[in-house]
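[1] sequence below, structure please.
(one chain, ligands or ions: 1)
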Amino acid sequence: MSRQVTFDYSKAGSFISEEEIGYMKKLTLDAKETLVSKTGAGNDFLGWIDLPVDYDKEEFARIKAAAKKIQSDSDVLLVIGIGGSYLGARAAIEFLSHSFYNVLDKSVRKTPEIYFCGNSISSTYLKHLMDVVGDRDFSINMISKSGTTTEPAIAFRVFKEKLEAKYGKKGAAERIYATTDKAKGSLKHLSDEEGYETFVVPDDVGGRFSVLTAVGLLPIAVSGADIDKLMEGAASGRKRALENDFEENDALQYAALRNILLRKGKSVEILANYEPAVHYVSEWWKQLFGESEGKDNKGLFPASVDLTTDLHSMGQFIQDGSRVMFETVINIDTPREELTIGEEPVDLDGLNYLAGKTVDFVNKSAMNGTILAHTDGQVPNFMVTVPEVNEFYLGELFYFFEFACGVSGYLLGVNPFNQPGVESYKKNMFALLGKPGYEAQREELLKRL
Ligand SMILES: O=P(O)(O)OC[C@H]1O[C@](O)(CO)[C@@H](O)[C@@H]1O
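    Next up is the predicted model:
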């Protein structure tokens, strides 16, 4: 069999019986049917299912052309967005690029530095980012499906002003790329007014499922990654998720097994990685599952750790604290780079027993030892193996998690495609800011502060 992203639950065997999997299999196949027949809750947000094989080819070509232009006329690209309009692009760029992408010499990197903003409301962060941009050439990719989200809107105002001061209104307009709804929202209206090039977040694709639309693809392409290969990988993941029987269907098995553990009291899933480049894939995954499943007082709490780093902090809790969690390890089978440990004539640091071994051999030994220790500590372990770091396997990985998430949400009995809970903080913030229309809530909240 060719190499592919795989799911393995053999280390969770003592926590889950084959009989239980058999019971859950039927429910999982029903949930899959609800998803693919588009008969479940949230069925107007299922455009992501076919995206890898059914996307706007004309827009795809425009994305590549825009990426080329940004590469040729900008030292820096600012990617403005939050949540689903941020995390997919960052996950992909950090996963696929050099670990120190932004500080590599331009003659080596050959693509613009890429910075993300509009994902917090920190004046310090924005001011410091301005310092980094300096008076260099830059472009902006403003991403917001609704076009009204406060965090990115503020960052956009700040950097649009800087861009217009540098290039004039017309010159700035040629450096602003807006990814938003095809027709509505203030970002779309502003773009039409000012003549920005626009890209579309399809109506039927929610933010957290949008990495394979222009939302993710434009910044990813600017970084120099191959977006054709990313889509090919996603298409391979889609084929496997849609066509394989349960026994060979990794996405369905993952959905089924995490729900078995949830029903047995494991209410936290920790996504663990042993490569720093995977950190933002975990952040993307947390939004995917957190917003999709955490509702109606239900859901697994999605957490993440970077290992072995966090073994020296959170490792204690995972090994020995309250027994509420299971762990899913993302294992990068072949690392991008390899280093062999040298031998020293005098073994003062006591490391000569590792001489001739690779650093990845040590990393994998740490991983395998940790899995056994955690399993012994009553933390069931799943493993998702990514054969190597490239666009194709990342596409497969994205699709694997997205499909599993849709199925898992239906297994849980929630609408995986809405996020009503996100509105609460916004209402309070708008009231406290004095936004017109929120006067009554403002009075109430001020009394409570
Ligand atoms: O793309 P938008 O509309 O700015 O939304 C960004 C993010 O904000 C949320 O709507 C939550 O506030 C997320 O679901 C979404 O990914």
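
[2] read off the pLDDT value for the residue nearest to residue 360 when sequence neighbours are not counted.
    Using C-beta to C-beta, 6 or more residues apart in numbering and skipping the chain neighbours, the partner closest in space to residue 360 is residue 335 (4.8 Å). The way it works is simple: take the backbone N, C-alpha and C, and place the C-beta from them, glycine included. Residue 335 is assigned a pLDDT of 98 by the prediction.

[3] check the burial of residue 335 by counting its neighbours.
    The tally of other residues near residue 335 (other C-beta atoms under 10 Å) stands at 17.

[4] which residues does it contact?
    The neighbours of residue 335, taking C-beta atoms under 8 Å, 6 or more residues apart in numbering as the test, are 275, 360, 363, 389.

[5] how near is residue 297 to residue 277?
    Spatial separation of residue 297 from residue 277 under the definition C-beta to C-beta, to the nearest Å is 35 Å.

[6] show me which of the two is the more surrounded one.
    With neighbours defined as other C-beta under 10 Å, residue 297 and residue 277 compare such that residue 277 has more, 19 against 6.

[7] are we agreed that the more buried one is in a strand?
    No - applying DSSP: H, G, I helix; E, B strand; the rest coil, one finds residue 277 to be helix, outside a strand.

[8] wait, isn't it in contact with residue 95?
    Yes - with contacts counted by C-beta atoms under 8 Å, residue 277 reaches residue 95, the gap being 5.1 Å.

[9] sorry, back to before: what about burial for the contacts of residue 335, which qualify?
    275, 360, 363, 389 (16 or more other C-beta atoms under 10 Å).

[10] identify those among those that sit within strands.
    Secondary structure from DSSP state E places none of the buried ones among the contacts of residue 335 in strands.

[11] max pairwise distance over those: which two?
    Between any two of these, the greatest separation by C-beta to C-beta is 13.8 Å, found for 363 and 389.

[12] low-confidence stretches in this protein?
    Judged against pLDDT under 70, the low-scoring parts of the chain cover residues 1-2.

[13] which parts of the strand ranked longest in it are buried?
    What stands out as the longest strand in the chain, according to DSSP E, is strand 325-334. Of the residues in strand 325-334, those buried by neighbour count under the rule 16+ other C-beta under 10 Å are 325, 326, 327, 328, 329, 330, 331, 332.

[14] taking the residues you listed, tell me the two that lie furthest apart.
    Comparing every pair within the buried residues of strand 325-334 by C-beta to C-beta identifies 325 and 332 as the most remote, at 22.1 Å.

[15] one step back: pick the one among the buried ones among the contacts of residue 335 closest to residue 50.
    Looking at the buried ones among the contacts of residue 335 and their distance to residue 50, the nearest is residue 389, at 26.5 Å (C-beta to C-beta).

[16] which bits of the stretch 1-150 of the chain sit near the ligand?
    The stretch 1-150 of the chain comes close to the ligand at residues 82, 83, 84, 85, 144, 145, 146, 149, as judged by C-beta under 6 Å from any ligand atom.

[17] so how many other residues sit close to the closest residue to the fourth one other than its chain neighbours?
    So that's residue 85. Excluding its sequence neighbours, the residue lying closest to residue 85 (C-beta to C-beta, 6+ apart) is residue 143, at 4.2 Å. Using other C-beta under 10 Å, residue 143 is surrounded by 34 other residues.

[18] my read is that residue 143 contacts residue 152, right?
    Yes - at 7.1 Å, residue 143 counts as touching residue 152 under the criterion of C-beta under 8 Å.

[19] the helix or strand containing residue 424 - contacts with which helices or strands?
    When secondary structure is defined using DSSP states H and E, the element that contains residue 424 is helix 423-433. Packing contacts for helix 423-433, counted by 3 or more C-beta pairs under 8 Å, 6 or more residues apart in numbering; DSSP states H and E, involve helix 439-448.

[20] overlap in contacts of residue 143 and residue 152?
    Between them, residue 143 and residue 152 have 80, 81, 85 as joint contacts when contacts are counted by C-beta under 8 Å, 6+ apart.

[21] sketch out the strands for the chain, chain order is fine.
    According to DSSP E, the strands that the chain contains are 6-8, 76-80, 113-117, 138-143, 176-180, 197-200, 268-273, 301-306, 325-334, 381-388.

[22] against which helices or strands is the second one packed?
    By that I understand strand 76-80. Judged by 3+ C-beta pairs under 8 Å, 6+ apart, strand 76-80 is in contact with strand 113-117, helix 123-133, strand 138-143, helix 150-173, helix 214-222.

[23] quick one: residues in contact with it.
    Applying C-beta under 8 Å, 6+ apart, the set of residues contacting strand 76-80 from outside is 70, 86, 89-90, 112-118, 129, 132-133, 136-144, 152, 155-156, 159, 219, 222.

[24] the same query, at a cut-off of 6 Å, please.
    Contacts of strand 76-80 from elsewhere in the structure, counted by C-beta atoms under 6 Å, 6 or more residues apart in numbering, are 70, 112-118, 133, 136, 138-142, 152, 155-156, 159, 219, 222.

[25] show me this structure divided up by domain.
    The record's domain split for the chain, according to the TED database, is 4-40+228-410, 48-227.

[26] what's the span of the longest one from first residue to last?
    By that I understand domain 4-40+228-410. Across domain 4-40+228-410, the straight-line distance between its terminal residues is 26 Å, by C-alpha to C-alpha, to the nearest Å.

[27] show me what residue of the stretch 251-400 of the chain gets nearest to the ligand.
    Minimum separation of the stretch 251-400 of the chain from the ligand (C-beta to the nearest ligand atom) falls at residue 291, amounting to 5.7 Å.

[28] gap between residue 363 and residue 335?
    When C-beta to C-beta is applied, the distance between residue 363 and residue 335 equals 8 Å.

[29] list the contacts of residue 11.
    For residue 11, the residues meeting the contact criterion (C-beta under 6 Å, 6+ apart) are 371, 375, 381.

[30] now with 8 Å, please.
    With contacts defined as C-beta under 8 Å, 6+ apart, residue 11 is in contact with 371, 372, 375, 380, 381, 382, 383.

[31] next: residue 108.
    Going by C-beta under 8 Å, 6+ apart, residue 108 touches no other residue.

[32] what does residue 444 give?
    residue 431.

[33] any idea how far it lies from the ligand?
    The span separating residue 444 from the ligand equals 22 Å under the rule C-beta to the nearest ligand atom, to the nearest Å.

[34] could you tell me which residues of the stretch 301-449 of the chain lie near the ligand?
    On the criterion C-beta under 6 Å from any ligand atom, the ligand has as its neighbours in the stretch 301-449 of the chain the residues 419, 422.

[35] for residue 226, see how far away residue 209 is.
    If you measure residue 209 against residue 226 using C-beta to C-beta, the figure is 21 Å.

[36] more crowded one of these two?
    Just comparing residue 209 and residue 226: by other C-beta under 10 Å the higher neighbour count belongs to residue 209, 27 against 14.
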